[in-house]
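Engineer: Sequence and computational prediction follow.
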Amino acid sequence: MATCIWRRLLLQPVKCRLACQRVKSIYNGTHGFDENEIKEKLRHFPGGSIDLSKGNDGIGVLTLNNPVHKNAFTGTMMIELQDRVKELEDWTEGRGLVVRGAKNTFCSGSDLNTVKAMCSSEEGMKMCMFMQNTLTRLKRLPLISVALVQGKALGGAAELTTACDFRLMTPGSEICFVQKHMGLVPGWGGGARLVQIVGGQQSLKLLSGALRMDPVKALNAGLIDDILPPDEDRALEEAQHWLSQYTKAPAEVIRSLKKVVIAGRELPLEEALKSEKDIFGTLWGGPANLQALARGAKHK
Ligand SMILES: CCC(=O)SCCNC(=O)CCNC(=O)[C@H](O)C(C)(C)COP(=O)(O)OP(=O)(O)OC[C@H]1O[C@@H](n2cnc3c(N)ncnc32)[C@H](O)[C@@H]1OP(=O)(O)O
């Protein structure tokens with residue numbers, strides 16, 4: 001049943017998007033999750049912002065912006081992240097996305113003041129459900145996303161990087177799942193996604209050792225995809241350049257490719273194959289396909 005819903009989602013026309021968003025999330029009312037209730041709580045912990053710029057080239061830049069606290073996630077930033085992800089779901093020209101932190105650092109995880117104030121198990125779980133919903137929707141965007149890690153990505157921030165398709169680091173930066181040191185485990189979905197990225201053995205080491213992953217270690221572990229040159233001020237440009245090798249094609253082609261990969265990641269094989277066939281059908285004989293045929297493209 002769930003797989004049928006997801007297969008239909010991959011092919012939904014725009015008019016169904018609002019209905020889809022509920023299903024794209026993991027938790028809803030049937031799980032006893034009241035989104036408005038948790039948002040009301042999170043609003044009590046303001047500070048910082050999540051900024052989105054959408055380029056004419058179809059590449060967006062999402063910036064975690066709370067530099068006085070090393071871009072830590074306040075309550076209102078969690079809400080704003082959801083708003084920005086919704087905006088990206090509606091951006092039909094989008095092909096790629098860079099997720100980064102302001103002022104040459106990535107993010108120090110949850111704002112510790114928010115964490116301390118929401119210390120009951122029930123509140124913690126509601127916050128987790130909210131963040132899992134948002135980060136699942138981020139990972140399911142029909143855009144190719146890359147986390148640009150400069151400085152530190154700690155705790156929840158390390159989890160956020162796993163909600164992107166790719167990860168890049170600058171020299172001197174670090175990714176560390178510090179949750180163990182906080183007496184916690186990942187809760188924003190970063191544990192499950194980490195296993196998908198680096199496998200179970202490697203994940204256990206990273207999480208139980210709270211290993212500080214510098215760029216070389218992270219690359220060797222398969223946690224990141226590349227190390228950028230050591231010019232911090234040009235890092236965004238470098239990340240955009242790196243991403244462009246995967247986004248150079250008409251938006252409908254890139255977006256469809258990502259949908260094929262989402263289906264492969266998330267569906268049982270037979271369902272994924274059927275989705276792939278349906279997505280293929282939306283491109284076959286379409287403008288990009290006809291133009292390529294007319295060009296007589298050669299692939300030497
Ligand atoms: C979901 C689970 C989670 O994410 S739990 C949160 C996990 N994160 C942490 O515990 C990070 C704790 N912070 C640190 O380890 C250090 O501040 C790091 C990030 C390494 C930066 O060190 P350093 O360069 O020396 O700067 P600093 O400590 O002076 O920090 C500058 C100001 O930023 C603040 N800050 C930093 N991180 C947070 C955070 N997560 N929440 C709230 N505030 C944070 C520091 O307190 C400091 O503020 P102030 O200048 O003393 O007012």
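Structural biologist: Received, thanks. For clarity, every value in this text was computed on a predicted model and none was experimentally measured. Residues are numbered from 1 along each chain as shown.
Engineer: what number of residues lie near the closest residue to Ser275 other than its chain neighbours?
Structural biologist: Using Cβ to Cβ, 6 or more residues apart in numbering and skipping the chain neighbours, the partner closest in space to Ser275 is Ala263 (3.9 Å). To be clear about C-beta, it is placed using only N, CA and C from the backbone, and glycine gets the same treatment. Residues lying near Ala263 (other Cβ atoms under 10 Å) number 23.
Engineer: next one: Gly187
Structural biologist: The burial count for Gly187: 19, using other Cβ under 10 Å.
Engineer: Next: His69.
Structural biologist: The number of residues near His69, taken as other Cβ under 10 Å, comes to 15.
Engineer: I'd assumed Ser108 was in contact with it.
Structural biologist: Yes - with contacts counted by Cβ atoms under 8 Å, His69 reaches Ser108, the gap being 6.9 Å.
Engineer: What about Asp83, how many residues nearby?
Structural biologist: 12.
Engineer: For it, which non-adjacent residue is spatially closest?
Structural biologist: Ile50 (7.6 Å).
Engineer: List the contacts of that neighbour.
Structural biologist: Counting by Cβ atoms under 8 Å, 6 or more residues apart in numbering, Ile50 makes contact with Leu62, Thr63, Leu64, Asn65, Met77, Glu80, Leu81, Asp83, Arg84.
Engineer: Tell me how far it lies from the ligand.
Structural biologist: Distance, Ile50 to the ligand, by Cβ to the nearest ligand atom, to the nearest Å: 16 Å.
Engineer: possible to save the contacts of Ile50 as JSON lines with secondary structure?
Structural biologist: Below are these laid out as JSON lines (DSSP: H, G, I helix; E, B strand; the rest coil):
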{"residue": "Leu62", "secondary structure": "strand"}
{"residue": "Thr63", "secondary structure": "strand"}
{"residue": "Leu64", "secondary structure": "strand"}
{"residue": "Asn65", "secondary structure": "strand"}
{"residue": "Met77", "secondary structure": "helix"}
{"residue": "Glu80", "secondary structure": "helix"}
{"residue": "Leu81", "secondary structure": "helix"}
{"residue": "Asp83", "secondary structure": "helix"}
{"residue": "Arg84", "secondary structure": "helix"}
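Engineer: Looking at those, which is nearest Ala158?
Structural biologist: Leu64 (13.0 Å; Cβ to Cβ).
Engineer: Quickly list what that closest one is bridged to.
Structural biologist: Ile50, Gly101 (DSSP bridges).
Engineer: tally of neighbours for Thr282?
Structural biologist: The burial count for Thr282: 14, using other Cβ under 10 Å.
Engineer: How about it, nearest residue that isn't a chain neighbour?
Structural biologist: Ser256 (6.5 Å).
Engineer: One more: Ala251?
Structural biologist: The nearest residue in space to Ala251 (Cβ to Cβ, 6+ apart) is Arg95, at 5.1 Å.
Engineer: Could you list the residues in contact with stretch 250-258?
Structural biologist: With Cβ under 8 Å, 6+ apart as the criterion, stretch 250-258 contacts 58, 92-96, 141-144, 165, 246-247, 279, 282-283, 286-288.
Engineer: again, only this time at 7 Å
Structural biologist: Residues outside stretch 250-258 that contact it (Cβ atoms under 7 Å, 6 or more residues apart in numbering) are 58, 93-95, 142-144, 247, 279, 282-283, 286, 288.
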